[in-house]
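1. sequence plus predicted model, see below.
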Amino acid sequence: MPDEPKPAAAASAATSVEFKVKKEISRKEILLCMARVPESGRLYAGASDGGVYDLDVSPEKPEPRRCEGQGHTGYVMGAALTAGHVVTAAYDKHLVWWDRATGKQTRRAPAHDKWLRGVEASPDGSMVASVGDDMVCRLWKAGSGELIRELRGHDVETPHHYPSMLFCCAFSPDGAWLATADKVGKIVIWESSTGKPAKTLQSPGMYTWDPKQRRHSIGGIRSIQFSPDGKLLAVGGIGFIGNVDHLDGKARVEIFDWQKGTSLKVVESDKLKGLVESIRFHPRGDWMLCAGGDHGGWLLFIDPATQKITREDKVPMHVHELALSEKADHLYAVGHGRAVWWQATA
């Protein structure tokens with residue numbers, strides 16, 4: 001077992017809060033993604049065994065239930081919650097709709113020509129957006145699964161003529177905008193209603209190319225999130241990597257005033273290495289929480305007002321995705337071999 005993690009804490013001019021581990025649920029799988037049911041501790045987690053698990057962390061002894069159906073045959077990399085379903089995306093190039101009431105599969109559809117990397121639901125639940133290594137973002141009707149449109153604005157190859165990857169996407173809080181981000185650090189913000197590109201940003205420090213020893217690249221933007229007021233866009237990944245066979249670069253976040261097209265700050269940790277896999281803002285924007293890891297895992301708190309790190313803490317596993325409760329008094333994370341639930345202590 002890993003060492004007992006220290007409580008995670010965040011501090012800003014407006015607030016100070018600490019989180020203490022309330023429960024750990026060990027799993028044999030790697031939990032790669034999740035969608036949380038609002039006002040609850042119920043999570044739908046996608047796993048490395050192709051399974052989608054319904055996990056309520058609230059009972060004394062949580063009993064994860066695998067959703068029923070053909071499901072996925074590859075790593076499940078994304079999960080999004082709609083009114084009646086959980087929609088999941090996997091390396092098998094398919095999207096699957098699961099009925100939240102029964103846990104059974106209701107629809108399975110081919111969605112991309114290469115590995116899917118993620119899926120997100122619009123704030124009103126009417127659409128889901130999927131991204132994959134074919135470098136296309138597709139918008140779907142959440143209820144019927146009908147394709148609405150395709151968004152094409154990312155190059156299929158890196159500058160060094162290797163296949164690129166489209167890792168993540170995020171809707172703005174009002175649903176008007178959708179941001180997508182790729183391996184070489186390109187970000188495109190699209191108008192959700194029309195599919196027209198509104199702004200293009202670059203974060204090239206997220207990408208490392210080794211031209212000598214390995215002729216191989218690594219990195220990319222692995223997480224993206226709008227601030228609650230929609231004015232800021234934060235992206236996460238990893239800084240320069242000396243050895244591309246390992247995640248030995250610094251955890252890296254870049255914060256943009258996306259409407260002006262300007263980078264406000266690059267934040268790199270001097271203590272934490274590895275990928276920033278997930279970013280979440282406090283509901284009022286008081287602080288920003290990032291999580292990820294290399295061989296281990298960590299939480300990293302940033303004050304959006306100063307763009308400075310306020311706290312860095314080790315946690316029990318490499319974290320793949322985070323969720324915050326509506327009042328930011330509970331924190332949920334899934335990752336390598338476990339799910340963890342924290343509760344605010346102050």
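-> Arrived safely.

2. what sits against the closest residue to residue 37 other than its chain neighbours?
-> Spatially, and ignoring its direct neighbours in sequence, residue 37 is nearest to residue 81 (6.7 Å; C-beta to C-beta, 6 or more residues apart in numbering). C-beta: built from backbone N, CA, C; applies to glycine. Neighbour list for residue 81: 35, 36, 37, 44, 87, 100, 121, 125 [criterion: C-beta atoms under 8 Å, 6 or more residues apart in numbering].

3. mind listing which of those are in strands?
-> Using DSSP state E, the members of the contacts of residue 81 that fall in strands are 35, 36, 44, 87, 121.

4. nearest to residue 305 among these?
-> Ranked by distance to residue 305 (C-beta to C-beta), these are led by residue 36 at 26.6 Å.

5. how about that closest one, what does it touch?
-> If you count contacts by C-beta under 8 Å, 6+ apart, residue 36 has them with 42, 43, 44, 81, 323, 332.

6. and with 6 Å instead?
-> Listed by C-beta atoms under 6 Å, 6 or more residues apart in numbering, the contact set of residue 36 reads 43, 323.

7. residue 307 too?
-> Residues near residue 307 by C-beta under 6 Å, 6+ apart: 255, 265.

8. 10 Å - rerun?
-> 232, 234, 253, 254, 255, 264, 265, 266, 267, 288 (C-beta atoms under 10 Å, 6 or more residues apart in numbering).

9. same list (these) but as a markdown table, adding secondary structure.
-> As requested, the contacts of residue 307 are arranged in a markdown table below (DSSP: H, G, I helix; E, B strand; the rest coil):
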| residue | secondary structure |
| --- | --- |
| 232 | strand |
| 234 | strand |
| 253 | strand |
| 254 | strand |
| 255 | strand |
| 264 | strand |
| 265 | strand |
| 266 | strand |
| 267 | strand |
| 288 | strand |
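
10. got a PyMOL select line for the buried ones in these?
-> Typed into PyMOL, the line below selects the buried ones among the contacts of residue 307, using 16 or more other C-beta atoms under 10 Å:
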select buried, resi 232+234+253+254+255+264+267+288
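
11. closest one to residue 112 out of the contacts of residue 307, please.
-> Nearest to residue 112 among those, with distances taken as C-beta to C-beta, is residue 234, at 25.4 Å.

12. the closest one is in contact with residue 170, isn't it?
-> Yes - in this structure, residue 234 sits in contact with residue 170. The criterion is C-beta atoms under 10 Å, and the distance is 9.5 Å.

13. point to the residue nearest the middle of this structure.
-> In the chain, the C-alpha closest to the average C-alpha coordinate belongs to residue 278, at a distance of 4.1 Å (C-alpha atoms, centre = their mean).

14. give me phi/psi at it?
-> Summarising the backbone geometry of residue 278 under the convention degrees, to the nearest 10, its torsions are phi -150, psi 140.

15. next one: residue 319
-> Geometry field for residue 319 lists phi and psi as phi -90, psi 130, criterion degrees, to the nearest 10.
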